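Peer 1: Here's my sequence, what's the structure:
(2 chains)
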Amino acid sequence: MKTAFIFPAFVSEYLGTEDQILRSFSGNFQQKLDTLTRITGDDYQNLSLDDPDFTHDELRSQIISYVFSCSLSDELTNRGLKPVAVAGYSMGLYAALYGSRVFEFEHGLQLVEEAYAVSRSVIKGIDCGMGSVIGLTRDEIETLIIDFKISAEIANTNSKYSHLITGKLKDVEHLLDKARETGAMNVSFLPVKTPYHSRLLKETQVEFGQFIKNHIPLKEPDYPVISCIDQKVLKTSEAIANELVRNLHESLNWKKTFEKLLNMGISQFVECGAGKSLQKIGRFMDGEFIIYPMNKLHRIVD
Amino acid sequence: MAQVTDKIREEVREIVYDFFAEECEIDVNEISDESDIFTDLGGDSLMFLALIEIFTKKYGQEIDLKTIGKYSIKHPVETIGQLIDMQLRIIEYGNKIIELDD
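Peer 2: Below you'll find the model as predicted:
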């Protein structure tokens, strides 16, 4: 059975048992927390998911997600479960690339921090955000954007009727209001202040690209990495550097990315990270497959 | 309009209860009609969407999701009992649910 590792973005809903599960596997998770503490200066050694200083902070929540994902990926491959491909959802790209041995753990951490810093710097003084629209198609949302001349954009298509939007806060709010009036079943804000996957972040490309070139040694991936932007297979370090830069300001399509993995004959997916957001999204994909979140892994590994 | 029989009522109830038990990883006996989907069960709107897909396939309906979205503005669903009631109305009235005035 072909297996893919899929890596979630930063998580807003934890299972609550992630740290216990990872600590029960081996010392890998604790080693990574020690490394995080050493590099960032923040105390991750006694990380608790009940501590809002970590889980409600935009950068720290990304760092936590990154370390959960990297640890789980290590555990699985150490136990002999090798993916035939990997894909990262949004900021899950960093862990996906780590999981494919493109760079070292510390380099991914540097990328998470730098991407955040550069993104925040280009939108300095502008209130921005992201939102979720459930119940409208991509075309229906695009029609609202055009008809009402709203500058918000679609950040990601999760499934036919589930999308994320991004942009300036007032535009996101306007689009959410219009979506609800039109008949969206649910609209909500995401707990972020950075407009990921928005053209507002296009200015990051030079600085972030230069940072990658100067500081992050990229290797060719051990396992094929599927682009969440255009679903191409990323095989070279140049293609990966380009993906890292584009990932901040281009619209993503998780639905197509997942379909690409299914078309590769993959029928078993491991959600390599905290929570089970990708399993939830997977309900709306057509095909015969199963997605295992972290707390169900005992079904496929000892 | 489709007639909602006692059998359909029971099917819908069983599917909804089993769905939330599995998705929220809790014992089905811990769920009641009064359970708040969000605060008690930790559910979300994607679960609503998934259930609507399950029922439209099961009962061969073609539902405009936007109609249900508009209906839910006037009739917000918070509990399992309210959700079952809404699903039964969707089965019974289809896209005409929006014309219901109560």
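Peer 1: Helix or strand for residue A:158, just tell me which one.
Peer 2: strand A:153-159 (DSSP states H and E).
Peer 1: The very next helix or strand once past that strand pairs with which strands?
Peer 2: Beyond strand A:153-159 in the direction of the C-terminus, DSSP H and E gives the next helix or strand as strand A:162-168. For strand A:162-168, the paired strands and their directions (DSSP bridges) are strand A:128-134 (antiparallel), strand A:153-159 (antiparallel).
Peer 1: Just the C-alpha atoms of strand A:162-168, please, in CSV.
Peer 2: Presented in CSV, the C-alpha positions along strand A:162-168 are these (Å, rounded to 0.1, in the frame of the first residue of the first chain):
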residue,chain,number,x,y,z
SER,A,162,-14.5,24.9,1.8
HIS,A,163,-12.1,27.8,1.3
LEU,A,164,-9.8,30.1,3.1
ILE,A,165,-9.6,33.7,2.3
THR,A,166,-6.9,36.3,3.0
GLY,A,167,-6.2,40.0,2.7
LYS,A,168,-6.7,43.2,4.6
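Peer 1: which residues does the closest residue to chain B within the stretch 201-302 of chain A contact?
Peer 2: Using Cβ to the nearest Cβ, residue A:283 is the residue of the stretch 201-302 of chain A that sits closest to chain B, at 5.0 Å. For glycine as for every other residue, the C-beta is placed from the backbone atoms N, C-alpha and C. Remark: with contacts taken as Cβ atoms under 8 Å, 6 or more residues apart in numbering or on different chains, residue A:283 is in contact with B:46, B:50.
Peer 1: Distance check, it against residue A:27.
Peer 2: 35 Å (Cβ to Cβ, to the nearest Å).
Peer 1: how about the closest residue to chain A within chain B, what does it touch?
Peer 2: Proximity of chain B to chain A (Cβ to the nearest Cβ) peaks at residue B:66, 2.8 Å away. With Cβ under 8 Å, 6+ apart as the criterion, the residues that contact residue B:66 are A:135-136, A:140, A:182-184.
Peer 1: Now render those residues as TSV, adding secondary structure.
Peer 2: What follows is the contacts of residue B:66, written out as TSV (DSSP: H, G, I helix; E, B strand; the rest coil):
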residue	secondary structure
A:135	coil
A:136	coil
A:140	helix
A:182	helix
A:183	coil
A:184	coil
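Peer 1: Touching, residue B:78 and residue B:38? I think so.
Peer 2: Yes. Between residue B:78 and residue B:38 there is a contact under Cβ atoms under 8 Å: 6.9 Å.
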